[in-house]
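Novice: Next come a sequence and a model predicted from it.
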Amino acid sequence: MSHRIYNMTFPSVFKALIAKAERKGKTRQDVLDVTSWLTGYDLETIEKLMESELTFGDFFRQAPHYTPFRSNITGKICGVQIEAIEDPLMQEIRRLDKLVDWLAKGKSVSDIIGKYQV
C-alpha cells in the first residue's frame, strides 16, 4: 500500500513539521536535530535536501543509519499506535512525527533524545 505522503516532496512535508514546531516556540534547528538523530543524516545534508525534489518516502528509504533507539519511540500518532503500524516506512515517518510532537509540547531536544536512549 502506498501512502500519499511517500510521494510528497521532502521539502514540503519537512517545512510543515518545522512550522508545527515553530508555532509552539521551537526552532527549525530543533527539528533538524531530532531528524538527524533519528535518521543519521547530517545537518548539512538535510539542509541540501530542503532544496531538492526528493520524496518524503525516499528521504526515509535512503536514511544513512537509523538510531538503534528508535524502537523505543512508541505511543499514538493520529490515533494509531506507532508500534502497531505494519508498514516499516510509515512507522519511521510516524516516529519523526512523534519527535516533533514532543518538541511542540515544549520538550527540549536533549530531553527527547535522552528519553529514548535508554
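Specialist: Perfect, thanks for sending it.
Novice: For the longest helix seen in the chain, buried residues please.
Specialist: The residue-count maximum for a helix in the chain (DSSP state H) belongs to helix 88-104. For helix 88-104, the neighbour count (16 or more other Cβ atoms under 10 Å) marks 89-104 as buried. C-betas here are computed from N, CA, C, even on glycine.
Novice: likewise stretch 57-72?
Specialist: By neighbour count with 16+ other Cβ under 10 Å, stretch 57-72 contains the buried residues G57, D58, F59, F60, T67, R70.
Novice: so T55 touches S12, yeah?
Specialist: No - between T55 and S12 there is no contact, the gap being 9.8 Å when judged by Cβ atoms under 8 Å.
Novice: Those two: which has the busier surroundings?
Specialist: Under the neighbour definition other Cβ atoms under 10 Å, T55 and S12 were set side by side, and T55 has more, 18 against 11.
Novice: How about the more buried one: what's its closest non-neighbour residue?
Specialist: N7 (5.4 Å; Cβ to Cβ, 6 or more residues apart in numbering).
Novice: if I look at the one you found, how far off is L99?
Specialist: 22 Å (Cβ to Cβ, to the nearest Å).
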